[in-house]
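Trainee: can't give you the sequence, but here's the structure:
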C-alpha cells in the first residue's frame, strides 16, 4: 500500500482518474477555484463547462445511462450545489449512478452564513443515495472511492461529496481504489435465494396466462441481463411488457413484446397485466403509473418480484414470491433451474392466451389518423423510428405528451439506447441528457425529442452543445401548448385551458441559430421525412422545429388511480371493448 | 458485531395475516456514529410519513464508533417491513433488529417526575413512589423529583397517579430495548 502526499485538488483528480473518469460536467466557483487550477494543468479528465449545474447533472445522467459508467458532476458551494438538487433527485428516482462533487466554504466558516454557503449535505440528504462532508484532506481519496462504490453497488443512485475549500487546498495522503476498505455496511445481496428462484420457475412453468413484466432494473444490471431476459422470454414463448424505464431490455420488434404497461401503455399490455394468472416482475417497482388502482391491480395473478432493493418489494403490491437479487444473476439462475428440471410450458393454454392477447392487439391502441394538413406528433415519431431503423441511435426525451408518444412509437432493440426522466418526470431533462449521451457516444446519432415547455427549462445547455460542437439533434414537437396539462384539463378539470398556452413562445428557429445550431422547420405532413433526414444528416448540432397538432391527446389512457379495465382508447374516447369473459372478471374484482 | 445477514422479503401470505392491523414495533438500529446519521434516520421517517413513538440514541462502542438507535414505531405489516428495508438501505446502518418479532426482548425507560405539594399529598406521593420503586433524586420543602425506571406502561401509570398529587413536570428518556439471551446483535 503506497501512500503519497498530495494537495487536495490533485487528490480529487487522481481519484477520478483511478476511477476511470474521462469526462466531468462542471461549473467553477469561488471555493472550487483551487481545484480548477489543477484541472487546467492536466488533460487526463476532460471538463465540460455547462451553462447551469442542473444541466450538468442531467448530462452526467445521460452519460451514465448510455455508457453504463458513472456520471460525474462538479459544482461550487451555495447556489452551485442547490442547482444540482433536481438532477440528483431525478437520478435517485431512476436509479442512475452519479457522483456529484461540490465545493463548500472553508471549514471554520461552516455555519456562519458565509458567502455562497448552503447546508449542502443537509439539503441533499433525501436527494441522494448517500452523501459526505469531507473534514480532512486525508479522508478525501477514501471518501471519493467510497462514493463511486456506493453509487454503483446494488441499486445505483447519486452520491454527493461536499468538500470545503481548505480540504481542497490542504495536503493529505492519497490512497488508490484498491487500498480502500469498502464499508462493511453497504454490501447488497446479488445472488437470489435458490428456493425462491425454484418456486418462481415452477410458478412460471405452470402458468396458463403468464406475463413477464420487466423494468429499469434489467437495464441497470448491464447488457447481460437484457440478453438473459430475451432468452427467458423466447424460451418460454410468453408475452413480455417493458416499463418506460425498461424499454430496450427486450427487442421491441419481436412479436412477444406487448409494448409498455400503465397509464399510457398499450391495451394488450394492460389487459394482459390485468387478466394474467402469473406475473413475473423483473427489476420493475409496481409504480403507481403502472398499477393504477392497487386494489384492482391484476387481482387473479400469483406474483413474483425480482429486485436488488429489498425496500422495493411489497412497497406497493404484496407479492407471493419475493426474490432479492441482481436481475442478471437471478435470470441466469432461473434459466438454469428451468433447464435442469426440463420444464415445459402449457402449450394449449398459452395458445388460447395468445389468441386473446392478439384480439386486444388488433385494436391497435397506439393508432392515429394522419390527415393531409396538420402533422400528428405520433406520425412524426413513427417516421423518426422508420428513418433511423438500423442506425446507431440514442434518444433522450423531455417530459409530457411527446415523451409518451416517443415511448409508444420509437422501438428499441437494445438496452441503454433510451434515456428519459421516468420517476421524477423532470421537464428540462432531455437537452442536457442528450449532451451527456453524445459525449459518451461520439459516433452515435443522438436525438433529443422535446417540446417547447420542457425545452425552455434547460435551453441554456444548447449553448454548451454548440460550444463543444456536439452533433446533437433536437426534434422540437412544437404544439404551442403544455400538451399534457391541456389534455388533463380537457379530460378531468372542466375542459378549461388554464395557464397552459405557449403561443407566445420565442421564435425557436432564430433562437437555435443564435445558439449556433443549424435550424430546420417542418409544418406539413409531406415535409416530415425530408426534414428528419436533413436533421439526421447534418454534420453538427441541428434543431428541427416541427409544428404539430395542438389538440392531439395521448391514448390509450388509464386515468390516475383507475383500474386497468377503465382504459380509455382514442381517438373517439370509447371505452375499451372487452369481451364477455373479461367483463365478468372485471366485475368480480 | 455481526454483519448484515442475507435477508428474505416477506411473502404476500405472511403479510396478509393481519393485513390492515396497526402494530407497534421496536427497532434496534446499530449505526456508525458519524455526523448526520440521526438526521438520516429521522429524515427517513418524516419523509416517508412513518410514525415515531419514541426514539433514543447513544454511542455504545467508542472504539468502533458505533451508536445504537432504539425506535418505537407503528404501522401495518407492509409499512413495518418497509421501515425495516428502508433503514437497512442507509449506508451507515450496520444492522436492524425488529425486537418485536425477533424473539423475546426487554425494554426500559427512565423518567424524572417533579411533584409539588405539602402535607398529606406530599406523603402520599412518597408512598406511591415507594410502591413503584421510584427514587427521590431532588427534594425541597414543597417538591420532589422522582426517578423511575420501567417499561412504558409502568411509567405511564406512575405519572397518572402523580397527576392529582401535584404533578409539575416530566422528562422521559424514551425506550431502550435489547434482545433477551446470550446473543449479540
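Mentor: In hand now; what should we look at? In this text the structure is predicted, and so the values were computed from the model without any measurement. Numbers count the residues shown, from 1 in each chain, chains lettered A, B, ... in the order given.
Trainee: Any figure for the gap between residue A:535 and residue A:517?
Mentor: 10 Å (CB to CB, to the nearest Å). Any C-beta I mention is one placed from the backbone N, CA and C, and that applies to glycine too.
Trainee: same check, this time on residue A:383
Mentor: Relative to residue A:517, and taking CB to CB, residue A:383 is found at 21 Å.
Trainee: if we can go back for a sec, anything in contact with each of residue A:535 and residue A:517?
Mentor: Common neighbours of residue A:535 and residue A:517, counting by CB atoms under 8 Å, 6 or more residues apart in numbering or on different chains, are residue A:542.
Trainee: beta partners for the one residue in the stretch 1-150 of chain A that gets nearest to chain B?
Mentor: Residue of the stretch 1-150 of chain A nearest chain B, by CB to the nearest CB: residue A:130 (4.3 Å). Using DSSP bridges, the bridge partners assigned to residue A:130 are residue A:159.
Trainee: Do a quick rundown of the strands in the stretch 1-150 of chain A.
Mentor: Listed in chain order, the strands of the stretch 1-150 of chain A (DSSP state E, counting those that start in this stretch) span A:4-7, A:23-26, A:46-49, A:71-75, A:98-104, A:130-133.
Trainee: Could you dump those into a markdown table with mean pLDDT and mean neighbour count added?
Mentor: Conversion of these to a markdown table gives the following (pLDDT from 0 to 100; neighbours: other CB atoms under 10 Å in any protein chain shown):
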| stretch | mean pLDDT | mean neighbour count |
| --- | --- | --- |
| strand A:4-7 | 94 | 16 |
| strand A:23-26 | 98 | 26 |
| strand A:46-49 | 98 | 17 |
| strand A:71-75 | 98 | 30 |
| strand A:98-104 | 98 | 29 |
| strand A:130-133 | 97 | 24 |
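Trainee: pLDDT value on residue 81, please?
Mentor: I went with chain A, as the question did not name one. With respect to pLDDT, residue A:81 has a value of 98.
Trainee: sorry, should have said chain B
Mentor: For residue B:81, the predicted pLDDT is 94.
Trainee: Phi, psi for it please.
Mentor: Phi and psi for residue B:81, reported as degrees, to the nearest 10, are phi -70, psi -40.
Trainee: Would you mind naming what in chain B lies close to chain A?
Mentor: Counting by CB under 8 Å from any CB of the partner chain, the residues of chain B close to chain A are B:3-4, B:6-13, B:15-16, B:32, B:35-36, B:39-40, B:43, B:47, B:78, B:81-82, B:85-86, B:88-94.
Trainee: one step back: can you redo the strands of the stretch 1-150 of chain A as CSV with distance to residue A:378?
Mentor: Listed next are the strands of the stretch 1-150 of chain A as CSV, based on distance: least, CB to CB, whole Å:
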stretch, distance to residue A:378
strand A:4-7, 56
strand A:23-26, 33
strand A:46-49, 34
strand A:71-75, 32
strand A:98-104, 33
strand A:130-133, 41
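Trainee: Can you tell me which of these is nearest to residue A:488?
Mentor: strand A:98-104 (31.0 Å; CB to CB).
Trainee: Show me what the closest one is packed up against.
Mentor: helix A:53-67, strand A:71-75, helix A:79-83, helix A:85-93, helix A:137-152, strand A:158-164, helix A:165-169 (3 or more CB pairs under 8 Å, 6 or more residues apart in numbering or on different chains; DSSP states H and E).
Trainee: follow-up on the earlier one: dump the residue contacts of the residue of the stretch 1-150 of chain A closest to chain B.
Mentor: Residue A:130 touches A:147, A:150, A:157, A:159, B:90, B:91, counting by CB under 8 Å, 6+ apart.
Trainee: So for residue A:383 and residue A:517, which sits in the more crowded spot?
Mentor: For residue A:383 versus residue A:517, neighbours defined as other CB atoms under 10 Å in any protein chain shown are more numerous around residue A:517 (24 against 19).
Trainee: distance of the more buried one from residue A:467?
Mentor: On the measure of CB to CB, residue A:517 and residue A:467 end up 11 Å apart.
Trainee: just curious, which of the contacts of residue A:130 is nearest to residue B:151?
Mentor: residue B:90 (28.1 Å).
Trainee: Report the spatially nearest residue to that closest one, omitting neighbours in sequence.
Mentor: Distances taken as CB to CB, 6 or more residues apart in numbering or on different chains put residue B:40 closest to residue B:90, at 5.5 Å, once the chain neighbours are dropped.
Trainee: tally of neighbours for the one you found?
Mentor: So residue B:40, with other CB under 10 Å, has 19 neighbours.
Trainee: likewise the one 5 residues further on?
Mentor: Residue B:45 has 17 neighbours, counted by other CB under 10 Å.
Trainee: Let me see the backbone angles for it.
Mentor: Torsion angles, degrees, to the nearest 10, at residue B:45: phi -70, psi -50.
Trainee: Pull up the gap between the residue nearest to residue A:513 when sequence neighbours are not counted and residue A:480, please.
Mentor: Spatial nearest neighbour of residue A:513, excluding adjacent residues (CB to CB, 6+ apart): residue A:519 at 5.0 Å. Using CB to CB, one gets 17 Å for the distance from residue A:519 to residue A:480.
Trainee: who's more crowded, the two?
Mentor: residue A:519 (21 against 15).
Trainee: where does the more buried one land in three-state SS?
Mentor: strand (DSSP: H, G, I helix; E, B strand; the rest coil).
Trainee: ditto for the one 10 residues further on
Mentor: In three-state terms, and counting by three-state DSSP, residue A:529 is helix.
Trainee: where in the stretch 451-589 of chain A is pLDDT low?
Mentor: A:571-589 (pLDDT under 70).
Trainee: can we see that at 50?
Mentor: A:572-576, A:580, A:583-589 (pLDDT under 50).
Trainee: Return the residues in contact with residue 150.
Mentor: Picked chain A for this. Counting by CB under 8 Å, 6+ apart, the residues that residue A:150 touches are A:129, A:130, A:157, A:159, A:183, A:186, B:91.
Trainee: Actually, chain B is the one I wanted.
Mentor: Residue B:150 neighbours (CB under 8 Å, 6+ apart): B:108, B:109, B:132, B:158.
Trainee: okay but the last one is in contact with residue B:128, surely?
Mentor: Yes. Taking contacts as CB atoms under 8 Å, residue B:158 lies within contact range of residue B:128: 7.3 Å.
Trainee: before we move on, the earlier item: now for the helices and strands packed on strand A:98-104, which one comes closest to residue A:318?
Mentor: helix A:85-93 (22.5 Å).
Trainee: Quickly check: the closest one near chain B or not.
Mentor: No. Applying CB under 8 Å from any CB, one finds helix A:85-93 separated from chain B by no less than 11.7 Å.
Trainee: Can you check what angle separates that helix from helix A:137-152?
Mentor: Angle, helix A:85-93 to helix A:137-152, by axes from the mean of the first three to the mean of the last three CA atoms, to 10 degrees: 50 degrees.
Trainee: what's the angle between helix A:85-93 and strand A:98-104?
Mentor: 150 degrees.
Trainee: among the strands of the stretch 1-150 of chain A, which is nearest residue A:284?
Mentor: It is, among those and with distance given as CB to CB, strand A:98-104, at 21.3 Å.
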